[in-house]
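Q: what's the 3D shape of this:
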Amino acid sequence: YICAISRSSDAAGLCFCDISTGECFATALSGAGLTDHLINELGRFSPAEAVVNQAAYDCGPLLSLMQDKLHCHVERLSAGRFQLQEAERAVRQQFGDEAAGRLPKGNPAAALSLGALLDYLHETQKTDLRHVDDLDYYQQGQFMELDLTARRNLELTETLRSKEKKGSLLWVLDKTKTPMGGRMLRSWVERPLLSLPEIVRRHAAVQELFSDNLRRAELIRAMTGMGDMLRILARVSNGTASPRDLNVLMRAAERVPDMLALLQGSSSALLKNAAAMDSLADVCSDIKAAISDKPNLLVHEGGILREGYSEQVDRLRNVRDKGTKLITEMEAAERERTGIKRLKIGYNRVYGYYIDVPKTFTGELPEDYVRKQTLVANERYFTAELKQLETELTTAQERVCQLEYKYFCDLRDSIADRVERIQATAEQIAVVDTL
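A: Numbering: from 1, shown residues only. You can find the predicted model right below:
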């Protein structure tokens, strides 16, 4: 995670963002023991990088924790990065009015930290951050607060001695089948609920699945091997996703209808929500129609599109792969058209492709024959059709690569326009997997 901290004498705001998945969390803190609350929240997320205002940087225990214990790179930002009006505008622009409205009005520190982080990310990432569009704001006291010592001694996510997952509580509990579910389970372990209604909601969903062995087994089968949809969406949004990434996304989307069928008729609230997720049928069909089963790793070298997706690409591939056959077919067609059995189509590096005709037959040629070269016993001609074929033969591979890359980028941009829908489905899959 990368985090931002905005601190004043009596309040503080923190936000954490995972650029690789688009996850973003924010909270506002106040009251007695403010520094301890900050330290506990940082221990929960263990950020790798932090941007802070002057007051947070001047807090010795906070700075010591980040640099010495969390080994976090800390950068102090100027006061101009923590301006409320600009921060609120940035939050609305990134997350929408509804998300901005969830931030506390009485404590603007959460908005200040979010605004500073968004400004920093736009400056440093220099990529589209449209996949960072789901803000999870949680209130102080919503989750059980554990200090670093308690987390370490409880061995929630790593063992005390070896610092490995194996042997920890998370290792015992983690039977998830998707990367999204694995991250969500870790988040649930690190942030235990305190709200009884929320705990009951989770228990109801677990009980429903536990009581139906067959449905649970089918859901597990549907999710097993599913790729990391959220991380792929991040690459889609910043324009670095490969054709193979899109295929992984397509294969994940292919599983969604099976999951929806299994979730229909659920009685618990969490599973009902999951049963209403988007099927992503259009995403699946668009990728499947365009991308070949085993696309090239290098996007600029062709071998991306499925045969039949583009008539132009298919024709150029045919020209590229069957050039000799096409020339032979044209030669036969020209012999039949002109009645000259000794007509030949040849090629040299200087003149390119030409139609070679004995001089005794030059008076019988069609009007579209254009003289290209005169020899002792022969005349060489070309036609518009031969010239077009020559151009296509010499540039076919280059054009195929250019067109395939263009069509792939168009598809990737089209998927990027549907990021919000795909993210919502991926999050529901994660919930089902975690339960």
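Q: Leu420 belongs to a strand?
A: No Leu there; residue 420 is Glu. No: counting by DSSP: H, G, I helix; E, B strand; the rest coil, Glu420 is not found in a strand; it is helix.
Q: so who does it touch?
A: Asp133 (C-beta atoms under 8 Å, 6 or more residues apart in numbering). (Each C-beta comes from the backbone N, C-alpha and C, glycine too.)
Q: could you dump stretch 31-40 to PDB, C-alpha only?
A: Extracted in PDB, the C-alpha atoms of stretch 31-40 (Å, rounded to 0.1, in the frame of the first residue of the first chain):
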ATOM      1  CA  GLY A  31      -9.800  12.000  20.600                       C
ATOM      2  CA  ALA A  32      -7.300  10.900  23.200                       C
ATOM      3  CA  GLY A  33      -4.400   8.700  22.200                       C
ATOM      4  CA  LEU A  34      -4.400  10.000  18.600                       C
ATOM      5  CA  THR A  35      -0.800   8.900  18.000                       C
ATOM      6  CA  ASP A  36      -1.500   5.400  19.300                       C
ATOM      7  CA  HIS A  37      -4.500   5.200  17.000                       C
ATOM      8  CA  LEU A  38      -2.400   6.300  14.000                       C
ATOM      9  CA  ILE A  39       0.300   3.700  14.900                       C
ATOM     10  CA  ASN A  40      -2.300   0.900  15.100                       C
END
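Q: Quick check: buried residues in that stretch?
A: Buried positions in stretch 31-40, judged by neighbour count with 16 or more other C-beta atoms under 10 Å: 34-35, 37-40.
Q: Take the residues you listed and keep only those in helices.
A: If you go by DSSP state H, these have 34-35, 37-40 in helices.
Q: Between the residues you listed, which sits nearest Cys3?
A: Nearest to Cys3 among those, counting by C-beta to C-beta, is Leu38 at 10.5 Å.
Q: wait, the closest one sits on Leu62?
A: Yes: counting by C-beta atoms under 8 Å, Leu62 is a contact partner of Leu38 at 5.8 Å.
Q: Which one of the ones in helices among the buried residues of stretch 31-40 is nearest to Ala50?
A: Leu38 (11.0 Å).
Q: shared neighbours of Leu38 and Leu62, which are they?
A: With C-beta under 8 Å, 6+ apart as the test, Leu38 and Leu62 both reach 5, 7, 56.
Q: Looking at those residues, which one is closest to Thr178?
A: Nearest to Thr178 among these: Ile5, at 31.6 Å, using C-beta to C-beta.
Q: Can you list the strands that the helix or strand where the closest one lies pairs with?
A: Element membership of Ile5 [criterion: DSSP states H and E] is strand 2-7. Sheet pairing for strand 2-7, assigned by DSSP bridges, gives strand 11-18 (antiparallel), strand 49-52 (parallel).
Q: What average pLDDT does the first one get?
A: The one in question is strand 11-18. For strand 11-18, the mean per-residue pLDDT is 88.
Q: Tell me the helices and strands packed up against the very next helix or strand once past that strand.
A: Helices and strands here follow DSSP H and E; after strand 11-18, the next one along the chain is strand 23-30. Counting contacts by 3 or more C-beta pairs under 8 Å, 6 or more residues apart in numbering; DSSP states H and E, the secondary-structure elements packed against strand 23-30 are strand 11-18, helix 34-45, helix 109-125, strand 134-137.
Q: what does the shortest one rub up against?
A: Counting by C-beta under 8 Å, 6+ apart, the neighbours of strand 134-137 from elsewhere in the structure are 22-27, 91, 94-95, 99, 102-103, 110, 114, 423, 427.
Q: chain center to that strand, what's the gap?
A: On the basis of C-alpha atoms, centre = their mean, to the nearest Å, strand 134-137 sits 19 Å off its chain's mean C-alpha point.
Q: Name every strand pairing with it and say which way it goes.
A: In the sheet, strand 134-137 lines up with strand 23-30 (parallel) (DSSP bridges).
Q: hang on, the earlier thing: Gln312 is nearest to which of the helices and strands packed on strand 23-30?
A: That would be helix 109-125 among the helices and strands packed on strand 23-30, by C-beta to C-beta, at 35.4 Å.
Q: Can I get the closest one as PDB, trimmed to CA atoms?
A: C-alpha atoms of helix 109-125 as PDB (Å, rounded to 0.1, in the frame of the first residue of the first chain):
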ATOM      1  CA  ALA A 109      -8.600  15.200   7.800                       C
ATOM      2  CA  ALA A 110      -9.800  12.200   5.800                       C
ATOM      3  CA  ALA A 111     -10.600  14.300   2.800                       C
ATOM      4  CA  LEU A 112      -7.300  16.100   3.200                       C
ATOM      5  CA  SER A 113      -5.300  12.900   3.200                       C
ATOM      6  CA  LEU A 114      -7.300  11.500   0.200                       C
ATOM      7  CA  GLY A 115      -6.800  14.700  -1.800                       C
ATOM      8  CA  ALA A 116      -3.000  14.700  -1.100                       C
ATOM      9  CA  LEU A 117      -2.700  11.100  -2.000                       C
ATOM     10  CA  LEU A 118      -4.600  11.500  -5.300                       C
ATOM     11  CA  ASP A 119      -2.500  14.500  -6.200                       C
ATOM     12  CA  TYR A 120       0.700  12.600  -5.500                       C
ATOM     13  CA  LEU A 121      -0.500   9.600  -7.500                       C
ATOM     14  CA  HIS A 122      -1.500  11.600 -10.500                       C
ATOM     15  CA  GLU A 123       1.900  13.300 -10.400                       C
ATOM     16  CA  THR A 124       4.000  10.200 -10.000                       C
ATOM     17  CA  GLN A 125       2.100   7.400 -11.800                       C
END
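Q: contact partners of the least confident helix or strand in the chain by mean pLDDT?
A: Least confident helix or strand of the chain, by mean pLDDT, DSSP states H and E, is helix 97-101 with a mean of 80. The contact list for helix 97-101, computed with C-beta under 8 Å, 6+ apart, reads 88, 91-92, 111, 135, 137.
Q: cool, and stretch 330-342?
A: 343-345, 355, 357-358, 361, 364-366, 385-386, 389.
Q: now, which of these sits nearest Lys175?
A: Leu389 (60.4 Å).
Q: Can you mark which positions in the helix or strand containing the closest one are buried?
A: Counting by DSSP H and E, the element that carries Leu389 is helix 384-416. For helix 384-416, a neighbour-count test (16+ other C-beta under 10 Å) marks 386, 389-390, 392-393, 396-397, 399-401, 403-405, 407-408, 411-412, 415-416 as buried.
Q: Fine by me, we can end here.
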